[in-house]
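*Asks:* Provided below are the primary sequence and the corresponding predicted coordinates.
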Amino acid sequence: MNEYFHNPQPLNSENAAVVLVDHQVGLMTGVRDYSIAELKHNVVGLVKAAQALNLPIVTTTTSAETLWGPAFPELQEALPGQSFIDRTTVNAWDDPRVEAAIRATGRKKLIFAGVSLEVCAAFPAMRAVREGFDAYVAVDASGTFNMTKRETGIIRLTQSGVVTADASSLIVEILGDNASPKAQEVYTALGMDWATLVGQVRASAAA
């Protein structure tokens, strides 16, 4: 068996929370593994789908006023009234306020996303595993500055017992049943064109 084999119990709407780390305008300009438009789409989709499923969301920035600027506007718009915990620590978990906010969710399965993937998302996710949580990184809602960082970051996460996946797969696992009354809202939030088309076809058939 692979030394790093890790297959935790499934995510659901009662055990999962989302932690967004440093999706800031200054850092986003350096992202090279995704287009900025695609990365924004994926992050906002994750947020809106998490909201549809009533998942707690913790958000944080690093030195917003002196280094990297605020969270990108579309993310702020998707989270009206959300408090972004601004910190100086490299590892978000090392800030007591961030750790307290994560623990206050009461959830043991944490979905992380951040810019950059190999630091802002990875460091708190690896710490979460050491603290006894199941940690996941939504790699397509995270971005980084070159392919070496992306590839080695994912390898390190896997070696550390963190589950890596795309955001929509994690969300669909939480949804659990396409008969759920939340299904259409979730798929719409994720911005899946094919899912929107299926909804339109169903609506036409029911008319």
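*Replies:* Perfect, I can see it now.
*Asks:* can you give me the helices for this structure?
*Replies:* 25-28, 36-52, 73-78, 96-104, 122-130, 147-159, 167-175, 183-190, 193-206 (DSSP state H).
*Asks:* Touching the fifth one from outside, list them.
*Replies:* Pointing back at helix 122-130 there. 19, 21, 90-94, 98, 102, 110, 112, 114, 134-137, 153, 156-157, 160-162 (Cβ atoms under 8 Å, 6 or more residues apart in numbering). Quick note: C-beta positions are derived from backbone N, CA and C, even for glycine.
*Asks:* mind listing what's buried in stretch 104-120?
*Replies:* Applying a neighbour-count criterion of 16 or more other Cβ atoms under 10 Å, one finds 105, 107, 109-120 buried in stretch 104-120.
*Asks:* from those residues, which is closest to Gly176?
*Replies:* Lys109 (13.7 Å; Cβ to Cβ).
*Asks:* From Ala179, how far out is that closest one?
*Replies:* 23 Å (Cβ to Cβ, to the nearest Å).
*Asks:* cool, Thr89 as well?
*Replies:* 44 Å.
*Asks:* do the same with Gly191
*Replies:* 21 Å.
*Asks:* now Leu27
*Replies:* 40 Å.
*Asks:* picking up where we left off before, more neighbours: which of Gly191 and Ala179?
*Replies:* Gly191 (15 against 6; other Cβ atoms under 10 Å).
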